[in-house]
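Enquirer: need a structure here:
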Amino acid sequence: MDNDIDWLRGWVEEKLNKGLSPDMIKEILQKSGYSTEVVDEFTDLKEKLDSDDVEYTEIVEKIKEEGVVLKEIEEKIRKEEPVIEVSKKQVKLKSKEIKEDVKIDESKYIKTGIEGLDALLKKGIPRGSTILVIGGPGSGKTIFCLQTLYHAVQNGEKALYMSFEEEPEKLREHMRDFGWNPEKYEREGLLRVKKYDPLKISKIVEALLEKAEGELKIDIPPLFLEDDFKPDRVVVDSLSAIAASFVGKEGYYRIYIEQFFEQFRNTDITPFLITESQEFPKRLTKSGVEEFLADGAIILHTFRKGSQKERGIEIYKLRGAEFEEKIVAMRIVTDKGIVVYPSQEVFASME
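Expert: Coordinates of the predicted model:
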């Protein structure tokens, strides 16, 4: 025990001789596990100063002097080299500029607002892209599009749902089923749900083509752009319903749909175009032309696993953007809508 005390006393004296402050020695001893009593006993400067030991007195003075010198050096650096502070400020400013650049870059992309799906996109969907939403009956296409429009209006964007099949009130009911409030955003002038007649469109196109004597280039009235409402996102539900109104005149439909896509390209609108397909993977759409005209395609799959039905989703293509190429699991959840599980890949035969 005495040997331990002698060793500790020698260690403390050595450190004091080397100029370590008593406070620093205390901290070292405390972190080494010594009790407060032991630390105080071996680092009590008052006792050392009261003693006649000249060596201790000199050490204390030396520590005080070095402290003053260090303080003077520190103040001198601060006065003579303010560039250090400016440099920090410049770094902060530069960091802010980088963040602003990222923000501006992100303004060129949109998010779907669908939980998990946006994780498959590096930045998002390029604003103004025409996006096909493809799937069989009951795959969740309408819910997908209602959900992304609801996300848009929640963030102050304007959105238009063009229905060629279901009544607007039925679509509002779908939204309310998931806890979304369409009436709120309709009152605020951000959301419109409107019914269109596909037969009326086909008759207009036929009349124009006959008048133009079969010319391939015709001017189609902008049926969705109203003077008092300029949407940021549009849903067309569905291209399949429009195509069905051109029965026996598929050539007319092809001319119409090409110019339909062209109209969107001349705007900043991001359209989500619903279409049914039961021929995948041979082709995405019935006519096969839409998949070439569209900038992107999102496919909602339905799989059979034993007696259970499973759902999957994939980003099939997306021009001008990076995305993960895989089919992942998705569910339609009450009070939430579509939820995608980006890390859960689906491997099954499609129904």
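Enquirer: Going by C-alpha atoms from here, please, whenever you check contacts or count neighbours.
Expert: Will do.
Enquirer: can you give me the helices for the protein?
Expert: 2-17, 22-31, 36-43, 45-50, 54-80, 83-106, 141-154, 168-177, 182-187, 198-211, 239-244, 250-265, 290-293 (DSSP state H).
Enquirer: Number of residues surrounding the closest residue to Glu167 other than its chain neighbours?
Expert: Excluding its sequence neighbours, the residue lying closest to Glu167 (CA to CA, 6 or more residues apart in numbering) is Lys195, at 6.4 Å. Counted by other CA atoms under 10 Å, the residues lying close to Lys195 total 15.
Enquirer: Could you measure from Lys195 over to Ile204?
Expert: 17 Å (CA to CA, to the nearest Å).
Enquirer: before we move on, what about Leu191?
Expert: 27 Å.
Enquirer: The two: who's more crowded?
Expert: More neighbours surround Leu191 than the other of Leu191 and Ile204, with 26 against 12 (other CA under 10 Å).
Enquirer: pLDDT score for the nearest residue to the more buried one once chain neighbours are set aside?
Expert: Computed as CA to CA, 6+ apart, the closest residue to Leu191 that is not its neighbour in sequence is Ala159, at 5.0 Å. Ala159 carries a pLDDT value of 97.
Enquirer: Can you name the residues that contact Ile313?
Expert: Going by CA atoms under 8 Å, 6 or more residues apart in numbering, Ile313 touches 298-301, 327-330, 340.
Enquirer: Just give the nearest non-adjacent residue to it, would you?
Expert: Leu300 (4.6 Å).
Enquirer: same deal with Ala294?
Expert: Nearest one to Ala294, counting by CA to CA, 6+ apart, is Thr130 at 5.2 Å.
Enquirer: what about that neighbour, how many neighbours?
Expert: Thr130 has 26 nearby residues by other CA under 10 Å.
Enquirer: now do the one 3 residues further on
Expert: Residues within reach of Val133, counting by other CA under 10 Å, total 26.
Enquirer: My guess is it contacts Lys141. True?
Expert: Yes: counting by CA atoms under 8 Å, Lys141 is a contact partner of Val133 at 6.4 Å.
Enquirer: Okay, the residue nearest to Glu167 and Phe323: tell me how far apart.
Expert: The value you get for Lys195 to Phe323, if CA to CA is used, is 33 Å.
Enquirer: So, low pLDDT: which residues of the stretch 1-150 of the chain?
Expert: Filtered on pLDDT under 70, the stretch 1-150 of the chain yields the residue ranges 1-7, 17-21, 27, 31-106.
Enquirer: List the buried residues for stretch 172-182?
Expert: For stretch 172-182, the neighbour count (16 or more other CA atoms under 10 Å) marks 172, 174-175, 178, 180, 182 as buried.
Enquirer: can I get the residues you listed in TSV with pLDDT and distance to Gly113?
Expert: Shown next, in TSV, are the buried residues of stretch 172-182 (pLDDT from 0 to 100; distance: CA to CA, whole Å):
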residue	pLDDT	distance to Gly113
Arg172	98	18
His174	96	17
Met175	97	15
Phe178	96	14
Trp180	97	13
Pro182	97	16
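Enquirer: Give me the pLDDT for the residue nearest to Glu167.
Expert: 94.
Enquirer: Test my guess that it contacts Pro168.
Expert: Yes: in terms of CA under 8 Å, Lys195 counts as a neighbour of Pro168; the distance is 6.3 Å.
Enquirer: ok, now which ones touch the residue nearest to Ile313?
Expert: 133-136, 139-141, 311-314.
Enquirer: Run through who's touching stretch 136-144.
Expert: By CA under 8 Å, 6+ apart, stretch 136-144 touches 114, 133-135, 174, 237, 274, 276-278, 300-302, 311, 332, 337-338.
Enquirer: no wait, stretch 150-161
Expert: Against stretch 150-161 from outside (CA under 8 Å, 6+ apart): 112-113, 146, 149, 180, 182, 185, 189-194, 230-237.
Enquirer: Just the buried ones from those?
Expert: Buried among the contacts of stretch 150-161 (16+ other CA under 10 Å): 112-113, 146, 149, 180, 182, 185, 190-194, 230-237.
Enquirer: Show me those residues that map onto strands.
Expert: Within the buried ones among the contacts of stretch 150-161, residues falling in strands by DSSP state E are 191-194, 233-237.
Enquirer: any idea which of these is closest to Ala119?
Expert: Nearest to Ala119 among these is Arg233, at 20.3 Å by CA to CA.
Enquirer: No more questions from me, cheers.
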